[in-house]
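Asks: For reference, the sequence and a predicted model appear below.
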Amino acid sequence: MPVARRFRPASQLVLERFVPYRLSVLTNRISGALAAHYRRRFGLSIPEWRVMATLARFPGLSAAAVAERTAMDKVTVSRAIAGLKRAGRLGRATDGRDRRRAVLTLSPAGCSVYSRIAPFALERECRLLASLTPAERRALDRLLTKLDRAAASLAEF
């Protein structure tokens, strides 16, 4: 049975080849392109959109659970929630089982906005992924999943 080789980092950091940097730049480019549309058409920031998309999929989460699911810091999530509440796009209620916990849901206005943005976001994703073959898209999905799992272990060091 072959022994797995341990990856050895280079001795010098070349920023433009550094994977965390490259992923961050790519994310910023994609998010920036989408953010202009979200802001112009719906008055939403990227964090507000991420909160809305999370609550559309998982209604009834607490603010802390939204922060955990989105990997956004609690202050950013709190500001996004406050903005969505001011705009009437979010409802907050006390959890029936734990009166100390507030749960969040999209309001009817929030659901309406979400139903108009989601198709746009999915269409943009399709345009982005069209540059890849089907095999490359499947490989990208597998690789992102692997990197996400590996990133979770980085906090242990």
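Replies: Noted; the coordinates are in hand. Numbers count the residues shown, from 1 in each chain.

Asks: switch to C-alpha atoms for all contacts and neighbour counts from now on
Replies: OK.

Asks: buried ones in the longest helix seen in the chain?
Replies: Counting by DSSP state H, the longest helix found in the chain is helix 19-42. Residues of helix 19-42 classed as buried: Leu34, Ala35, His37, Tyr38 (neighbour count, 16 or more other C-alpha atoms under 10 Å).

Asks: What helices and strands are in contact with it?
Replies: Where contact means 3 or more C-alpha pairs under 8 Å, 6 or more residues apart in numbering; DSSP states H and E, helix 19-42 is packed against helix 46-57, helix 108-129.

Asks: hmm, who's touching the last one?
Replies: To tie it back to what came earlier, the one meant is helix 108-129. Under the criterion C-alpha atoms under 8 Å, 6 or more residues apart in numbering, residues Leu34, Tyr38, Phe42, Met52, Ala53, Ala56, Gly88, Arg89, Leu90, Arg137 lie in contact with helix 108-129.

Asks: re earlier: and the helices and strands packed on helix 19-42: which comes nearest Leu15?
Replies: For those, proximity to Leu15 was assessed by C-alpha to C-alpha; helix 108-129 is nearest, at 24.0 Å.
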